[in-house]
Structure formats: C-alpha cells, structure tokens
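Undergrad: Give the three-dimensional model of this entry:
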Amino acid sequence: MTREEVIVRMQEIGCYDAELIDRAEWKDGSITLHGPEGDFAFPAGGRLGDFVKGDKVKAVQVGHRFFLPEILDRALDESFDFANGKIRVLGEKSCVLCAALRELDALRAAGCGICTFCREGAYQLSVCLGNLTKPGGDKRELELAQEIAAAMSDSCNCPVGADTAEPVLSALELFRGELEAHSAGKCPAGECSAFSTIYIDPHKCEGAGDCMDVCPVDAIEGKRGYISMIDVFECTKCGKCIEACENEAIQFATGRLPKLPDKLTKVGRFRK
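TA: Down below sits the predicted model:
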C-alpha cells in the first residue's frame, strides 16, 4: 500500500492524522523533519549519530520503533525510514518499558476508536506493560502482549494499529531481558519508582533542609545542621527532594539500602 493509499484509507474511516504519517521530506539533497516546534533540516549522506547525540546510549527510538545504538552509525539517505519524524535517545537510566508505555499512551490518544483490534488491543497492551511497572508483575504479561501486538499488526483497519504494536514488538525483540527483569521486581534503569526507594546519604547530607521545604507530603524529618531522614512509608517518590538537594545526597536505590541513621544525627557524626 502506498503512502497516498494509506492516507485515503485513513480518511475513509475517519482517523487520518497527519502527525502519524511520514513527516520526513527529501529535497535538494537535504532532509527536513517537520515537527510542532518547527522544521529541522540537515544534509543527507551523514550518520544519524552526527545529528542525534547522547551519552551511554542504550536504545534509540525512531518513530514508534526501538533500535539498538548501532543505528546511530546508519547513513542517512532516502532509504532511511523516519516514520513520524520523532527521534529519541535512551540512556542507561532510561527504562525501555516506560518509554514503550509513553509511546502507547500517545498512540491510544490518536486512535479513532472504530477498529476493535486497535481500540481494545492498545488498551490491553497498556495494561500488560503497566502491570510490569508495579510489584507482583508476571512474566506471562509479556507473552500476552506479544500475542496481542502481533495480531494488531495483521488485523487492524489502518496503519495506526500496526504503529501501536511497533513499540511493544521492537522492545520485546531487542530488550526482552530488561522487560523480564521487571517481573522479578527490578528496573535495571532505576526509572520505575515502584521498585526503588529514595534515601538520603548520611555522608553527603549537610543539613540544609531544602529537601524538607519542597516535600509535598512532609515525609522528611530533620532540622538545620542535622542529617535529614525520609519516612519511606509516607514518601510518594515524586523526586522533588532530589532536585532540591545541591549536594546530591538524595538518591534512588533498588534492593538493599545502606546503613542509615535511625534518629536525628548531627552532620558529620554518623558512623557505619
């Protein structure tokens, strides 16, 4: 099916959205990506990595699909598929499962709701992956998600359904180990807050109290000159305290925490 035929088909069923169609334009030896914040043009013939930067890259999302970092070495020519023109680099601290869920949410919002395979399939995919971001997730959710996504690729009425399956299928193909780790209660990237705990490093805390000022639920106890303490039962893991701490004393951790004070202790007085 040609691009023009795809557009006609989508218009016929009332779900055509130009944002979901190819947004890369080739003209006079250069590539232009059209986006909501303006156009971005660069000469053809270079590498994707010349224009897309990132440290310690784990994955690259092009359109709705995930790729390994090797795609950054890919030459840019007319055979390169930019999909919807969106390119995103995921570093070591970016969770592929969370990225796939975000892409699913965006695609669900763009769907027309007419096609049952697309409407219900997209919802079920979100449920399957969402369950894995919480404690008690089951690895069988991934098997079900793969089955649903494969059916959507073949059975939906327009390309939106196939696009919705792409982030799930590509993530399962290339990063299945990371996704399966969530069923064991671990997020390798540390992004899924349900599997992590925020704590204050007693050796870095200087007792400034900025963390207490920004905590929306008053989950931090302390006073000036004393090492602050987080009540893990009250903490919502919003991360505002991490941003407020200039000493980088507040951190996310998965698994066992280091030894922490059990009562307010003056800065510099805590011993392991």
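
Undergrad: What are the contacting residues of stretch 136-152?
TA: 117-118, 121-122, 124-125, 128-129, 131-132, 161-162, 164-165, 168-169, 172, 176, 179-180, 182-183, 185 (Cβ atoms under 8 Å, 6 or more residues apart in numbering). From N, CA and C alone the C-beta is placed, and that goes for glycine too.

Undergrad: Thought residue 197 was touching residue 232, still the case?
TA: Yes. Contact status for residue 232 versus residue 197: in contact at 5.8 Å, counting by Cβ atoms under 8 Å.

Undergrad: In terms of neighbours, single out the busier of those two.
TA: Residue environment comparison for residue 232 versus residue 197 gives the larger neighbour count to residue 197, 16 against 12, counting by other Cβ atoms under 10 Å.

Undergrad: and that one, what are its bridge partners?
TA: Applying DSSP bridges to residue 197 gives these bridge partners: residue 253.

Undergrad: what sits against it?
TA: Residue 197 is in contact with 232, 235, 237, 252-254, 257, counting by Cβ under 8 Å, 6+ apart.

Undergrad: residue ranges of the helices in this protein, please?
TA: Assigned helices in the chain, in chain order: 3-12, 96-110, 116-131, 140-155, 159-183, 210-214, 240-244 (criterion: DSSP state H).

Undergrad: Just say which of those is most tucked in.
TA: Mean neighbour count, computed with mean count of other Cβ atoms under 10 Å, is highest for helix 159-183 among these, reaching a mean of 21.

Undergrad: Excluding covalently adjacent residues, which one is nearest to the spatially most central residue of the chain?
TA: Closest residue to the average C-alpha location of the chain: residue 99 at 2.2 Å, with Cα atoms, centre = their mean. Spatial nearest neighbour of residue 99, excluding adjacent residues (Cβ to Cβ, 6 or more residues apart in numbering): residue 90 at 5.9 Å.
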